[in-house]
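Undergrad: Pasting the sequence and the predicted coordinates here, then a few questions.
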Amino acid sequence: MTERQWNYLTDMDGVLVHEDRLVPGADQFLAELRDAGARFLVLTNNSIYTPRDLRARLARTGLDVPEDAIWTSALATARFLHNQRPGGSAFVIGEAGLTTALHEAGYVLTDVDPDYVVLGETRTYSFTAITRAIRLIEQGARFIATNPDPTGPSREGLLPATGSVAALIERATGLSPYYVGKPNPLMMRSALRALGAHSEQTLMIGDRMDTDIHSGIEAGLRTILVLSGISDRHSAERYPYRPTLVVDSIADLLGRTADPFEVG
């Protein structure tokens, strides 16, 4: 048995919850981490909600996750912009998760000569706002997007998400955005700094090869793919990289959190 103390980064949707339902074993998994004194962060590319909102959403499923254990692409974007241009300004298309994070980072939100156009996810994309974003980018604003996800889930089916709207703006302006969220390893590195952890002692659990596992590997983390979400064994084999471990669900890690990679 190794003496290494693992820190955990774990995706939210598809790993801990499905929409508003708990993935069986997720509550016991987090309880096991707490009992062991392991540090963990729950990650999401969704920029709509604040950590407080997400804490309430998770609580409704039966998961007790404190606000400071939730890391979103909105928080990562706000930290990135603060490091790049402290006290800057931005025109934002997004919801409270993104606008709150930018305000807390000291940013002024404006549609007059902003330093950045920042695109996040919203359920009410406005043609007027998208047009304004295009014109501001043409006038010199730098183009940032919280994440490249082209679609998001809903009870009725798929919805266009940040990546799809970013593609529209990119086609109109000829300028590509800088994506902060997964699969950019910047998302993982910012989470590591928020956790106060090192990559050698940290692993990433996710349900998507193209975002969770990709960014985990590029950030130097061990990775675990769970098959309870997007990727399955067949689709995972098509990628040129492999996770360190593949399990059916988070429940398979119960009793193994001290060292999930131990054989025997």
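TA: Here it is on my side, so go on. Since this is a predicted model, take the numbers as computed values, not measurements.

Undergrad: ok, T10 touching D207?
TA: No. The pair T10 / D207 is not scored as a contact, 9.9 Å apart, by CB atoms under 8 Å. (Each C-beta comes from the backbone N, C-alpha and C, glycine too.)

Undergrad: just checking, next helix/strand downstream of the helix or strand of the chain with the lowest mean pLDDT?
TA: Taking mean pLDDT, DSSP states H and E as the measure, strand 151-152 is the helix or strand of the chain with the lowest mean score, a mean of 78. Secondary structure here is assigned by DSSP states H and E; on that basis, the next helix or strand after strand 151-152 toward the C-terminus is strand 159-160.

Undergrad: list the helices and strands that following strand packs on?
TA: Strand 159-160 makes packing contacts with strand 151-152 when contacts are defined by 3 or more CB pairs under 8 Å, 6 or more residues apart in numbering; DSSP states H and E.

Undergrad: Which neighbouring elements make contact with the strand it packs on?
TA: With contacts defined as 3+ CB pairs under 8 Å, 6+ apart, strand 151-152 has these neighbours: strand 159-160.

Undergrad: Need the contact partners of the strand it packs on.
TA: Contact with strand 159-160 is made by 123, 125, 150-153, as judged by CB atoms under 8 Å, 6 or more residues apart in numbering.

Undergrad: go on, stretch 255-263?
TA: Contacting residues not belonging to stretch 255-263 are listed as 1-2, 4, 6, 8, 29, 32-33, 36, 38, 203, 222, 224, 244-245, 253 [CB under 8 Å, 6+ apart].

Undergrad: quick one: the spatially closest residue to G152 that is not a sequence neighbour and L41, what's the gap?
TA: Counting by CB to CB, 6 or more residues apart in numbering, G152 lies nearest to A161, which is 4.1 Å off, once chain neighbours are set aside. A161 sits at a distance of 22 Å from L41 (criterion: CB to CB, to the nearest Å).

Undergrad: Equivalent analysis for V23, please.
TA: To L41, V23 is 17 Å away according to CB to CB.

Undergrad: got it, and T99?
TA: T99 sits 22 Å away from L41, going by CB to CB.

Undergrad: before we move on, what about A172?
TA: If you measure A172 against L41 using CB to CB, the figure is 36 Å.

Undergrad: hmm, back to that, of the contacts of stretch 255-263, buried ones?
TA: Among the contacts of stretch 255-263, the ones that count as buried by 16 or more other CB atoms under 10 Å are 6, 8, 29, 32-33, 203, 222, 224, 244-245, 253.

Undergrad: Who are the contact partners of the closest residue to V247 other than its chain neighbours?
TA: On the basis of CB to CB, 6+ apart, the spatially nearest residue to V247 that is not a chain neighbour turns out to be V226, at 5.7 Å. Listed by CB under 8 Å, 6+ apart, the contact partners of V226 are 14-15, 205-207, 247-250, 252.

Undergrad: change it to 6 Å
TA: Residues in contact with V226 (CB atoms under 6 Å, 6 or more residues apart in numbering) are 15, 207, 247, 249-250.

Undergrad: for T162, same thing?
TA: 121, 145-147, 149.

Undergrad: So L192, which state does it fall into?
TA: Classification of L192 by DSSP: H, G, I helix; E, B strand; the rest coil places it in helix.

Undergrad: pLDDT at it, what is it?
TA: L192 is assigned a predicted lDDT (pLDDT) of 95.

Undergrad: I'd like to know how far it sits from P150.
TA: Taken as CB to CB, the spacing of L192 relative to P150 amounts to 27 Å.

Undergrad: The two: who's more crowded?
TA: Each of L192 and P150 had its neighbours counted (other CB atoms under 10 Å), and the higher figure belongs to L192 (22 against 14).
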